[in-house]
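quick check, what structure comes out for this input:
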Amino acid sequence: MSTPHAQNLGCISTNVDFCAHTLRSTSVVGSALISLQMSSGVFDDIRKGTRENRSQFFRDLSAPFFGFNREGSFPSEGACDSFWLQGMQGGIKGQYDCIAQFSETDFTEDLKKIDIPTLIVHGDDDQIVPIGASAHQAEKLLREVTLKVYANCGHGLTQTDQDRFNQDVLEFIQG
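From the prediction side, this is the model:
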């Protein structure tokens, strides 16, 4: 590809969570909580579920992750099974560290340092990382940002709305 944003692009992570991947000419920001607008009890519940019955925790989390618990949704057993499997393949130490990162780390200063075009894609019905605590806050901090908000989409929109997501990323890269 020899497009403006893609000429130095080595890879794109389409499901980036809790961090920002900065590439030489393009940035794709994942679900980074800017300021914690959720009670610490939510994170305590996540830790408890991970510790006490990890298998059931990931099984139960799959529906809100994809928004399959919403009226009018079309649940995919395969997507839920894949989500569960990915959760079960993770090590407990890594999962605890991840919970600490997304519940205790403020990415404000990191995001202020990004000085290249950045795409943020977020569902307005994300039950995992609320849009107000992440995308809307990040949009205020980034210098050159494109925010795409998908109506009625959850956290797993890269699987539930993959064609639209892929098209938006491609258009952004071709900028």
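
which residue, other than its chain neighbours, is closest to Ala63?
Counting by Cβ to Cβ, 6 or more residues apart in numbering, Ala63 lies nearest to Asn69, which is 4.2 Å off, once chain neighbours are set aside. (Each C-beta comes from the backbone N, C-alpha and C, glycine too.)

same question for Leu141.
Among residues not flanking Leu141 along the chain, Leu111 sits closest, at 4.4 Å (Cβ to Cβ, 6+ apart).

now the helices: where do they sit in the chain?
For the chain, applying DSSP state H gives helices covering 40-52, 54-66, 77-89, 92-104, 108-113, 135-141, 157-160, 162-174.

in a markdown table: those helices, plus distance to Leu147 and mean pLDDT.
Listed next are the helices of the chain as a markdown table, based on distance: least, Cβ to Cβ, whole Å; pLDDT from 0 to 100:
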| stretch | distance to Leu147 | mean pLDDT |
| --- | --- | --- |
| helix 40-52 | 24 | 87 |
| helix 54-66 | 21 | 96 |
| helix 77-89 | 25 | 96 |
| helix 92-104 | 20 | 87 |
| helix 108-113 | 13 | 89 |
| helix 135-141 | 5 | 91 |
| helix 157-160 | 14 | 94 |
| helix 162-174 | 11 | 95 |
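
just put the ones you listed in a markdown table and tack on distance to Val149.
Putting the helices of the chain into a markdown table (distance: least, Cβ to Cβ, whole Å) gives the following:
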| stretch | distance to Val149 |
| --- | --- |
| helix 40-52 | 22 |
| helix 54-66 | 17 |
| helix 77-89 | 21 |
| helix 92-104 | 20 |
| helix 108-113 | 18 |
| helix 135-141 | 7 |
| helix 157-160 | 10 |
| helix 162-174 | 11 |
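
stretch 112-120: how far from the chain's middle?
Mean C-alpha position of stretch 112-120 versus that of the full chain (Cα atoms, centre = their mean, to the nearest Å) differs by 16 Å.

residues in contact with Asp60?
Taking Cβ atoms under 8 Å, 6 or more residues apart in numbering, we find Asp60 in contact with Gly49.

try 10 Å
Gly49, Asn53, Asn69, Cys80, Trp84 (Cβ atoms under 10 Å, 6 or more residues apart in numbering).

from Gln159, how far out is it?
18 Å (Cβ to Cβ, to the nearest Å).
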